[in-house]
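[1] next comes the sequence, and after it the predicted model I'd like to discuss.
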Amino acid sequence: MSEAEESTVGHAGIIEKVAGFYHKALDKASKALKWLGEHGFDEPSLLETFGLGYASGKLVKALPKQEENTSQALRESGILTSAGEEYFLHCLTVPLLDPENNIVSMAGHDLESGEERVLANACTALWNAPAARVHPELLLASGILDGLSLYRARAGTGPQGQVFTIDK
């Protein structure tokens, strides 16, 4: 395994925990819930199926004060910037999955600027890579919201702008 692959594997656990934290935070994020409703993305099955979350800025405050190792791991994974701020602040978040359905990275859509973000360590381009093993044909979208729209129409999955292949 290359050094980059080992780093990604090591960060996957912390990214999975953060994805869970953001998913739980969505229930209390009235701004994000309002935005989702206004854009037709508030269907409960959509929120649960893709583990949608919201980064409200409370992640750092939720860390135990003595957990410098956790803070460092969050920086190394890209979740926190070098300044200690959340990379996905004010973003609707979506965990990115590998073909075995493991969370390996994260993407976000900034509700204020409309910018899409992906962790630099993303080892997969598909947010729903397991679908590629089940469906003989896929519709690819250029961003998270387009992919969610396709799912909402029950038609597909979405990439994050990189090339992805699966050996069958």
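    Looks like it arrived, so ask away. Numbering: from 1, shown residues only.
[2] pLDDT weak spots in this protein?
    1-10, 65-68, 121-129, 154-168 (pLDDT under 70).
[3] ranges for the helices of it?
    Counting by DSSP state H, one finds helices in the chain at the ranges 3-26, 30-38, 44-49, 59-62, 68-77, 131-134, 144-152.
[4] so which of those gets nearest V118?
    helix 144-152 (9.2 Å; CB to CB). Where you see a C-beta, it was placed from the backbone N, CA and C, and this is true even at glycine.
[5] for that closest one, name the packing helices and strands.
    helix 44-49, strand 103-110 (3 or more CB pairs under 8 Å, 6 or more residues apart in numbering; DSSP states H and E).
[6] buried ones in the first one?
    Using 16 or more other CB atoms under 10 Å as the burial criterion, the residues of helix 44-49 that qualify are L47.
[7] restricting to C-alpha, output it in PDB.
    Taking C-alpha atoms only, helix 44-49 is exported to PDB below (Å, rounded to 0.1, in the frame of the first residue of the first chain):
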ATOM      1  CA  PRO A  44     -36.400  11.900   4.800                       C
ATOM      2  CA  SER A  45     -35.300   8.900   2.700                       C
ATOM      3  CA  LEU A  46     -32.900  11.100   0.800                       C
ATOM      4  CA  LEU A  47     -31.400  12.500   4.000                       C
ATOM      5  CA  GLU A  48     -30.900   9.000   5.500                       C
ATOM      6  CA  THR A  49     -29.800   7.200   2.400                       C
END
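[8] isn't G57 up against L89?
    Yes - with contact defined as CB atoms under 8 Å, G57 counts as touching L89 (5.4 Å).
[9] looking at the helices of the chain, which is buried most?
    Of the helices of the chain, the one with the most neighbours on average (mean count of other CB atoms under 10 Å) is helix 144-152, at a mean of 20.
[10] chain center to it: distance?
    14 Å (CA atoms, centre = their mean, to the nearest Å).
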